[in-house]
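Q: Below: sequence and its predicted model.
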Amino acid sequence: EDQVTQSPEALRLQEGESSSLNCSYTVSGLRGLFWYRQDPGKGPEFLFTLYSAGEEKEKERLKATLTKKESFLHITAPKPEDSATYLCAPFTGGSRLTFGEGTQLTVNP
Amino acid sequence: DGGITQSPKYLFRKEGQNVTLSCEQNLNHDAMYWYRQDPGQGLRLIYYSQIVNDFQKGDIAEGYSVSREKKESFPLTVTSAQKNPTAFYLCASSIDGGISNQPQHFGDGTRLSIL
């Protein structure tokens, strides 16, 4: 059974204080990983797809990286508008995704 | 604009009542999904459909039913057999059900509560 663990469950940062979120997983036949952002009362919004170990993707203050066993979402100099829950989902090429429970990020001004 | 529309945004169910949640997409995606989200439990798959007139149970299908009569539409019925229906329900779609490793895209959810 595929397992996905995200840590920490919650993270509070001051504006400008950089940090990283972790997504570790045990899946068979990994083909890549998705990162999503979810705002309260909204559906998840797609951020990145990572396909292979060593790959990096960037979008504004976010940078996602991938190894064989885990992925990191680095947040550089965050702003309050980066506050959200960040979800990861490794994929194996089938229809079904296993999502992590998410990291709830709060960035204080 | 292309996207996924879920309605209503809020829904209330009385005891013993069936309710239907609507999901429509204009992305021309083949695959559609229903998830349930509870605090601290992440997204759990209820049903999914890779093609019109076909669907499969997910991890928590008991007490739910779906239909896929049109490519654009994938309604979810929460039946009276679902004893704990209070949750945030999310509909998603993907272009080809994961064959080409494309992501799922989500609607903005329906929050269901029990009266």
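A: Looks like it arrived, so ask away.
Q: What parts of chain B come near chain A?
A: By the rule Cβ under 8 Å from any Cβ of the partner chain, the part of chain B lying against chain A is B:4, B:6, B:31, B:33, B:40-43, B:45, B:48, B:50, B:56, B:58, B:90, B:92, B:94, B:97-99, B:101, B:103-109, B:111. To be clear about C-beta, it is placed using only N, CA and C from the backbone, and glycine gets the same treatment.
Q: are any of these buried, and which?
A: Among these, those classed as buried by 16 or more other Cβ atoms under 10 Å in any protein chain shown are B:4, B:6, B:31, B:33, B:42-43, B:45, B:48, B:50, B:58, B:90, B:92, B:94, B:97-98, B:103-109.
Q: sec struct for the closest residue to chain B within chain A, please.
A: Nearest residue of chain A to chain B, counting by Cβ to the nearest Cβ: residue A:43, 3.3 Å away. Per DSSP: H, G, I helix; E, B strand; the rest coil, the local secondary structure of residue A:43 is coil.
Q: and the nearest residue to it once chain neighbours are set aside, what does it touch?
A: Using Cβ to Cβ, 6 or more residues apart in numbering or on different chains and skipping residues adjacent in sequence, the residue nearest residue A:43 is residue B:106, 3.3 Å away. By Cβ atoms under 8 Å, 6 or more residues apart in numbering or on different chains, the residues touching residue B:106 are A:36, A:43, A:44, A:45, B:4, B:90, B:91, B:92.
Q: Just the pLDDT at residue B:106, thanks.
A: According to the prediction, residue B:106 has pLDDT 98.
Q: same thing with residue A:64?
A: You'll see residue A:64 listed with a pLDDT of 98.
Q: Same question for the one 4 residues further on.
A: Listed pLDDT for residue A:68 reads 86.
Q: My guess is it contacts residue A:53. True?
A: Yes: look at residue A:68 against residue A:53 with Cβ atoms under 8 Å: they come within range, at 5.1 Å.
Q: Between those two, which is the more surrounded one?
A: Neighbour count, other Cβ atoms under 10 Å in any protein chain shown: between residue A:68 and residue A:53, residue A:53 has more, with 12 against 9.
Q: List the residues that contact that one.
A: Contacts for residue A:53 (Cβ under 8 Å, 6+ apart) come out as A:66, A:67, A:68.
Q: Okay, it and residue A:71: tell me how far apart.
A: The spacing between residue A:53 and residue A:71, counted by Cβ to Cβ, to the nearest Å, is 10 Å.
Q: gap between the two ends of stretch B:84-100?
A: The first and last residues of stretch B:84-100 sit 36 Å apart, counting by Cα to Cα, to the nearest Å.
Q: what ranges of the chain fall below the confidence cut-off?
A: By default, I'm working from chain A. Along chain A, no part satisfies pLDDT under 70.
Q: Correction: the question concerned chain B.
A: Where chain B drops to pLDDT under 70, the residues are B:1.
Q: Nearest to chain A within it, name that residue for me.
A: Nearest residue of chain B to chain A, counting by Cβ to the nearest Cβ: residue B:106, 3.3 Å away.
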